[in-house]
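Engineer: how would this look folded up:
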Amino acid sequence: IERIHRDGKKEPYAVERDGNAVRWRIGDADVFLDDGRHVYEIEYSVKNQIRYFDNRDELYWNAVGQYWAFPIAKARVEVTLPNGATSPNGEAYTGAANESGRNYRFSVVNGVHVFEPTRPLGAREGMTISLSIDKGIIDPPSAADRRADWWTLNGSLVVLMLGALGIAGFHY
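Structural biologist: Predicted coordinates:
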């Protein structure tokens, strides 16, 4: 996380992991907010959101996840690609998990790719975005990076399986 602000001021937060999802608990449990609207700005970096194909690459990102227990009146996702690259065709999918609603607006403003839902998002609704990118703009991960990511995702399962085999009388 780069920063979280509420109404233009720094806001405390905690980070939790739930499978492949990351949850941010924003605010202080001992502080009640004033009634009314509040604007939250959340700036963060993500890994592994690029999909590599033979003829193009794609940024595919569940930018506004479906884990929110409350409605979101307005959302805005801004993407700046490296090296001044642009993608004239942005797509998005809105709604609950596995829905593919098309309630969004896409524009490119001064090189920034902007996605905005055209209606409020209900509780447990979100927005996934997609940008096609020319090959070579973003370097694919090296073999060493892919191995490290694999071990991060699967290492504990391998250790458990090896341990289970040892318990069953197998020796490795």
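Engineer: those helices in this structure, which residues are they?
Structural biologist: With helices called from DSSP state H, the chain shows them at 143-167.
Engineer: can you pull out the strands in it?
Structural biologist: For the chain, strands defined by DSSP state E occupy the ranges 3-6, 9-10, 13-18, 21-26, 40-43, 50-52, 57-64, 77-80, 90-95, 104-109, 112-117, 126-133.
Engineer: got TSV for those, with distance to residue 70, mean pLDDT and mean neighbour count too?
Structural biologist: For every residue, glycine as well, the C-beta is placed using N, CA and C. Output for these, formatted as TSV (distance: least, CB to CB, whole Å; pLDDT from 0 to 100; neighbours: other CB atoms under 10 Å):
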stretch	distance to residue 70	mean pLDDT	mean neighbour count
strand 3-6	15	90	14
strand 9-10	21	94	8
strand 13-18	17	85	10
strand 21-26	12	81	13
strand 40-43	12	85	12
strand 50-52	31	81	14
strand 57-64	13	88	18
strand 77-80	18	89	15
strand 90-95	16	94	20
strand 104-109	20	94	14
strand 112-117	15	94	19
strand 126-133	12	92	21
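Engineer: contacts for stretch 2-14, please.
Structural biologist: Outside stretch 2-14, the residues that touch it by CB atoms under 8 Å, 6 or more residues apart in numbering are 1, 24-28, 38-45.
Engineer: change it to 6 Å
Structural biologist: Applying CB atoms under 6 Å, 6 or more residues apart in numbering, the contact partners of stretch 2-14 are 24-26, 28, 38-44.
Engineer: then stretch 76-92?
Structural biologist: Stretch 76-92 is contacted from outside by 63, 104, 106, 108, 112-116, 127, 129-133, 137, using CB under 6 Å, 6+ apart.
Engineer: that stretch: end-to-end distance?
Structural biologist: This stretch, stretch 76-92, spans 12 Å end to end (CA to CA, to the nearest Å).
Engineer: and for stretch 75-92?
Structural biologist: With CA to CA as the measure, the ends of stretch 75-92 fall 13 Å from one another.
Engineer: now do stretch 29-39
Structural biologist: Termini of stretch 29-39 sit 18 Å apart (CA to CA).
Engineer: list the buried ones in it?
Structural biologist: For stretch 29-39, a neighbour-count test (16 or more other CB atoms under 10 Å) marks nothing as buried.
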